[in-house]
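> Let's see this in three dimensions:
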Amino acid sequence: MLNIEHLSVEYYRRGKTIPAVRDVSLTLAPGETLGLVGESGSGKSTLALAILRLIAPNEGRITCGKIIFGESNLLCLKDSAMRQIRGRDISMIFQDPFTALNPVMRVRDQMAEVLEAHGIRPPVAADVGSDPLVNSLRQVQLDPERVLEAYPHLLSGGQRQRVLIAMSLLTRPKLLLADEPTTALDVLVQKDILDLLFRLQRELGMAMLFISHNLGLVANYTQRIAVMKEGRLVEEGETQTLFRQPRDSYTKELIEALPAMTRGIR
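Numbers count the residues shown, from 1 in each chain. This is a model prediction of the structure:
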């Protein structure tokens with residue numbers, strides 16, 4: 001489904017170029033979950049933004065490589081064609097649910113925008129039974145009657161995260177990019193949201209790139225793991241194999257940094 005070949009990305013800072021992703025190659029099969037781990041600043045989020053071509057031109061650029069999605073190289077598509085894929089075939093859950101949502105728009109209007117952007121007619125208010133907004137919020141165990149009319153600041157962090165998940169799944173995407181989807185949430189809410197997210201993934205048959213700095217967390221939910229450091233891919237392999245026989249010294253350090261009770265999680 002996704003084939004990234006020799007991708008490199010750089011940012012502009014004070015008249016200099018700073019490499020953020022360096023010659024990264026990855027593949028992701030339909031329905032598969034790939035964990036992408038590494039310390040802050042290792043290039044994980046930049047890789048996800050590059051897939052969706054969301055690197056702002058005044059901040060950086062993709063210098064080389066290919067991103068093959070299906071039969072298309074996303075880097076060669078016109079902006080209009082990319083807009084049709086972004087949010088429909090490929091969705092993304094961003095790190096911070098508060099900044100990812102518009103503070104002056106009700107949840108209903110923000111969710112409806114996703115449908116309108118892809119030519120899907122917004123639901124008629126009276127047609128509750130087939131309302132995709134209602135159904136999507138129910139999928140993530142939220143009360144549509146209350147949440148649809150709410151502004152983001154009236155919701156808790158966990159509720160805002162569930163709204164983002166509901167929005168990302170509205171169009172039934174083939175690929176979901178989950179960038180630290182439970183950052184700053186407490187442990188119990190984190191587990192609930194992750195269990196929910198991966199249950200929905202199985203039900204919809206999506207492929208997922210699950211980005212996290214927490215190797216122990218990723219181990220519970222992925223089939224394969226890729227490890228990044230300083231913009232480079234240092235190791236990739238099946239989750240169980242990588243935990244039992246890590247090849248790279250950095251991967252070994254990440255595993256050794258886990259609490260003892262977490263290392264045997266697989």
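> any weak-confidence spans in this protein?
The chain contains residues with pLDDT under 70 at 121-130, 184, 260-266.
> 50 instead?
125-128, 261, 263-266 (pLDDT under 50).
> hey, where'd the strands end up in it?
For the chain, strands defined by DSSP state E occupy the ranges 2-13, 16-28, 33-37, 60-69, 72-73, 90-93, 175-179, 207-212, 224-229, 232-238.
> between the third one and strand 232-238, how many degrees?
Compare the direction of strand 33-37 with that of strand 232-238 by axes from the mean of the first three to the mean of the last three Cα atoms, to 10 degrees and you get 140 degrees.
> list the helices and strands strand 33-37 packs on?
helix 44-51, strand 207-212, helix 215-219, strand 224-229 (3 or more Cβ pairs under 8 Å, 6 or more residues apart in numbering; DSSP states H and E). (Glycine included, C-beta is placed from N, CA and C.)
> Give me the contacts around that strand.
26, 28, 44, 47, 198, 201, 207-215, 218-219, 221-228, 239, 254 (Cβ atoms under 8 Å, 6 or more residues apart in numbering).
> Could you pick out the buried ones from those residues?
With burial judged by 16 or more other Cβ atoms under 10 Å, the buried subset of these is 26, 28, 44, 47, 198, 201, 207-215, 218-219, 221-222, 224-228, 239, 254.
> The residue sitting nearest the centre point of the chain pairs with what?
Computing the C-alpha centroid of the chain and ranking residues by Cα atoms, centre = their mean puts residue 178 first, at 1.9 Å. Residue 178 has these beta-bridge partners by DSSP bridges: residue 93, residue 210.
> Could you check how far stretch 69-88 is from the centre of its chain?
Distance of stretch 69-88 from the chain centroid (Cα atoms, centre = their mean, to the nearest Å) equals 17 Å.
> And it, what's buried?
Buried, per 16+ other Cβ under 10 Å, within stretch 69-88: 69, 74, 75, 77, 82, 85, 86, 87, 88.
> For the third one, give me its contacts.
Residue 75 is in contact with 53, 62, 65, 66, 67, counting by Cβ under 8 Å, 6+ apart.
> Buried subset of those, written for ChimeraX?
A single ChimeraX command is used to select the members of these judged buried by 16+ other Cβ under 10 Å:
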select :53,62,65,67
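> what domains does the record give for the protein?
Per the record, the chain has its domains at 2-89+174-263, 103-170, by automatic domain parsing.
> Take those domains and lay them out in CSV including distance to residue 96.
As requested, the domains of the chain are arranged in CSV below (distance: least, Cβ to Cβ, whole Å):
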stretch, distance to residue 96
domain 2-89+174-263, 7
domain 103-170, 9
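> Of those domains, which is nearest residue 97?
Distance to residue 97, taken as Cβ to Cβ, is lowest for domain 103-170 among the domains of the chain, at 3.7 Å.
> Quick one: end-to-end length of that closest one, please.
20 Å (Cα to Cα, to the nearest Å).
> How far away from the center of its chain is it?
The answer for domain 103-170 is 18 Å, by Cα atoms, centre = their mean.
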